[in-house]
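Visitor: sequence-free structure coming up:
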């Protein structure tokens, strides 16, 4: 189930929306002002926590017990 991020043209509110399927997708409505004038926003996603921590934990995982 994809999550899309939107930005309201009228009030600038950014919000996320779960989309079950493209067939059931209706026009998104801004939860803050109720406007239907919203645009899909580009969103960044992270994998594995803060920068650097995933590298150090991945390196220590392969060393095994001492």
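Guide: Sure thing, it's come through. Bear in mind the structure is a predicted one, so any value in this text is a computation, not a measurement.
Visitor: What separation is there between residue 34 and residue 26?
Guide: Distance of residue 34 to residue 26, given as C-beta to C-beta, to the nearest Å: 14 Å. Using the backbone N, CA and C atoms, a C-beta is placed for each residue, glycine as well.
Visitor: Report the buried residues of whichever strand or helix holds residue 5.
Guide: Using DSSP states H and E, residue 5 sits within strand 3-8. Using 16 or more other C-beta atoms under 10 Å as the test for burial, strand 3-8 gives 6, 7, 8.
Visitor: Where do the strands of this structure begin and end?
Guide: Listed in chain order, the strands found in the chain under DSSP state E are 3-8, 14-18, 38-40.
Visitor: What strands line up against the first one, and which way round?
Guide: Taking DSSP bridges as the criterion, strand 3-8 sits next to strand 14-18 (antiparallel), strand 38-40 (antiparallel) in its sheet.
Visitor: got JSON lines for those, with distance to residue 30 too?
Guide: Below are those laid out as JSON lines (distance: least, C-beta to C-beta, whole Å):
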{"stretch": "strand 14-18", "distance to residue 30": "7"}
{"stretch": "strand 38-40", "distance to residue 30": "6"}
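Visitor: can I get those strands in TSV with mean pLDDT?
Guide: Formatted as TSV, those follow (pLDDT from 0 to 100):
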stretch	mean pLDDT
strand 14-18	90
strand 38-40	93
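Visitor: export these to TSV and tack on mean neighbour count?
Guide: Converted to TSV, the strands paired with strand 3-8 look like this (neighbours: other C-beta atoms under 10 Å):
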stretch	mean neighbour count
strand 14-18	13
strand 38-40	13
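Visitor: contact partners of the strand holding residue 5?
Guide: With contacts defined as C-beta atoms under 8 Å, 6 or more residues apart in numbering, strand 3-8 is touched by 13-19, 28, 30, 32-33, 35, 37-43.
Visitor: let's see 6 Å
Guide: With C-beta atoms under 6 Å, 6 or more residues apart in numbering as the test, strand 3-8 has contacts from 14-19, 28, 30, 35, 38-41, 43.
Visitor: between these, which is closest to residue 2?
Guide: residue 19 (5.3 Å; C-beta to C-beta).
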